[in-house]
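Novice: structure of the sequence below:
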Amino acid sequence: MKKIAATSIGLLALMGAACTSQAAAKPSAPKKPAPATVTLPNTVTVGEGDMFLHPSATTVAAGQVSFTVSNAGPSPHEFVIVKGDPTGTTGDEAGKVSEAGHIGGPEGPEIGNINSGHAKSLTVTLPPGTYTIMCNLPGHYIAGMHATIVVR
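Specialist: Predicted structure coming up:
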């Protein structure tokens, strides 16, 4: 009986030591990697056509942003940038949306009359915010010639 009791106590001591050493050997939680630095573009190419507008980037860095707009469609287009979303607004002509948020004010920079097969460029200074790039010729916006650009 004494041998059984001594053996049992010995086994319990060994099991306790094994548990303690396993707990001590348990690896610590892995460290989270540092967040990667993301470099946002400041140059955007925009393809326009009948009736589409496709920017190469939809998030850009705040500051000077250059847009190069190419017209692959058969009819002329334009390129306008407004702050916010003009969907549902009424412009100064039938079939146009409001340009009240036009960057640079009512006479601000834009690209007009990009003929078929041609490209034009525009560089603007954009503070952080959400903008809409579009062709605002009558009927073109409603047909899908617009995209949202987020400036960070």
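Novice: from here on, just use CA atoms for contacts and neighbour counts.
Specialist: Fine.
Novice: who's in contact with the residue most central in space within the chain?
Specialist: With distances taken as Cα atoms, centre = their mean, the residue of the chain nearest its centroid is residue 59 (3.5 Å). Residues near residue 59 by Cα atoms under 8 Å, 6 or more residues apart in numbering: 40-41, 149-152.
Novice: also residue 64?
Specialist: Applying Cα under 8 Å, 6+ apart, the residues contacting residue 64 are 42, 123-126.
Novice: that one pairs with what?
Specialist: residue 125 (DSSP bridges).
Novice: check the one 4 residues further on too.
Specialist: Residue 68 has the following beta-bridge partners by DSSP bridges: residue 45, residue 121.
Novice: that one contacts residue 120, doesn't it?
Specialist: Yes: the pair residue 68 / residue 120 is scored as a contact, 5.8 Å apart, by Cα atoms under 8 Å.
Novice: now do the strands in the protein.
Specialist: Assignment of strands within the chain using DSSP state E yields the ranges 43-49, 52-55, 59-60, 63-71, 77-83, 111-114, 119-126, 129-134, 146-151.
Novice: which among those is found nearest to residue 100?
Specialist: Across the strands of the chain, the minimum distance to residue 100, taken as Cα to Cα, is reached by strand 77-83, at 7.5 Å.
Novice: residues touching that closest one, excluding its own?
Specialist: Outside strand 77-83, the residues that touch it by Cα under 8 Å, 6+ apart are 48-49, 69, 71, 99-103, 109-115, 129-137.
Novice: list the buried residues of stretch 120-137.
Specialist: Within stretch 120-137, the residues that qualify as buried are 120, 124, 126, 130-137, counting by 16 or more other Cα atoms under 10 Å.
Novice: closest to residue 89 among these?
Specialist: When the buried residues of stretch 120-137 are compared for distance to residue 89 (Cα to Cα), residue 136 wins out at 12.0 Å.
Novice: give me every residue that touches that closest one.
Specialist: So residue 136 contacts 78-80, 96-97, 145 (Cα under 8 Å, 6+ apart).
Novice: give me the low-pLDDT residue ranges for the chain?
Specialist: 1-30, 32-38 (pLDDT under 70).
Novice: swap in 80 and give it another go.
Specialist: Along the chain, the model assigns pLDDT under 80 to residues 1-38.
Novice: beta-bridge partners for the residue nearest to the centre of the chain, please?
Specialist: residue 150.
Novice: residue 134 too?
Specialist: Residues in beta-bridge contact with residue 134 (DSSP bridges): residue 80, residue 146.
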